[in-house]
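>>> Curious how this folds, go ahead:
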Amino acid sequence: MGAAAVEIARAAFAEAMQIARTERALGSEPIISHQVVGYSLADIKTRIEAARYLTWKSCHHLDQTEGTEEELAIMTKVFASEAAVQCVYDAMQVVGVNSYAKDRTTLERLMRDVLVLPIFDGGNMGVRRRQLHNILMQPGYDPMLAAEGRRSA
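Model (predicted):
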């Protein structure tokens with residue numbers, strides 16, 4: 001799930017970046033020269049890299065623990081899917097109303113695709129409430145276990 005979310009967010013970023021470098025709105029400079037566009041693109045890229053790192057770390061941790069430790073995988077599903085939705089939305093804000101022009105961008109399709117991720121496989125609220133909350137309520141829960149890549153006793 002994390003990898004799919006990262007890929008959709010990355011595609012939206014790449015498209016918004018290309019448009020920001022080439023489109024001119026009410027001026028002679030590409031819109032990337034405007035601070036709000038640059039800051040939005042920087043925020044999108046930061047979210048993508050955070051989700052990508054968490055996905056890698058979670059996959060590595062699942063490998064190391066032979067699939068017995070799910071805490072990072074659950075957090076990755078929630079974080080990456082919600083970050084991807086925000087990334088696509090922000091990319092659409094950068095592009096503006098043209099993000100709905102199917103002949104000019106794929107952002108509208110990416111938004112339709114990404115919106116399913118937070119509700120897929122039980123939905124993020126259910127995942128938080130049932131799976132992650134249950135892990136946190138375990139007697140002897142060690143909050144540093146996943147962060148340090150250790151296996152529970």
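>>> Tell me how many other residues surround the nearest residue to Ala51 once chain neighbours are set aside.
Spatially, and ignoring its direct neighbours in sequence, Ala51 is nearest to Ala80 (4.1 Å; CB to CB, 6 or more residues apart in numbering). Where C-beta positions appear, they are placed from N, C-alpha and C, glycine not excepted. When neighbours are defined as other CB atoms under 10 Å, Ala80 has 28 of them.
>>> and the nearest residue to Thr22 once chain neighbours are set aside, what is it in contact with?
Leaving out its chain neighbours, the residue that sits closest to Thr22 by CB to CB, 6+ apart is Pro30, at 6.1 Å. Contacts of Pro30 were listed using CB atoms under 8 Å, 6 or more residues apart in numbering, and they are Ala20, Arg21, Thr22, Glu23, Arg24.
>>> What part of this structure, helix or strand, is modelled with the least confidence?
One helix or strand of the chain scores below all others by mean pLDDT, DSSP states H and E: helix 124-126, with a mean of 88.
>>> So which bits of that helix are buried?
By neighbour count on 16 or more other CB atoms under 10 Å, the buried set for helix 124-126 is Asn124.
>>> So which elements touch that helix?
Secondary-structure packing of helix 124-126 (3 or more CB pairs under 8 Å, 6 or more residues apart in numbering; DSSP states H and E): helix 71-95.
>>> hang on, the earlier thing: the residue nearest to Ala51 and Ala5 touch, don't they?
Yes: if you go by CB atoms under 8 Å, Ala80 and Ala5 touch, sitting 3.9 Å apart.
>>> Show me the common contact partners of these two, please.
Contacts common to Ala80 and Ala5, judged by CB under 8 Å, 6+ apart, are Ala51, Thr55, Leu117.
>>> Farthest from the middle of this structure: give me that residue.
No residue in the chain sits farther from the centre than Ser28, which is 33.0 Å out by CA atoms, centre = their mean.
>>> Appreciated, that's everything.
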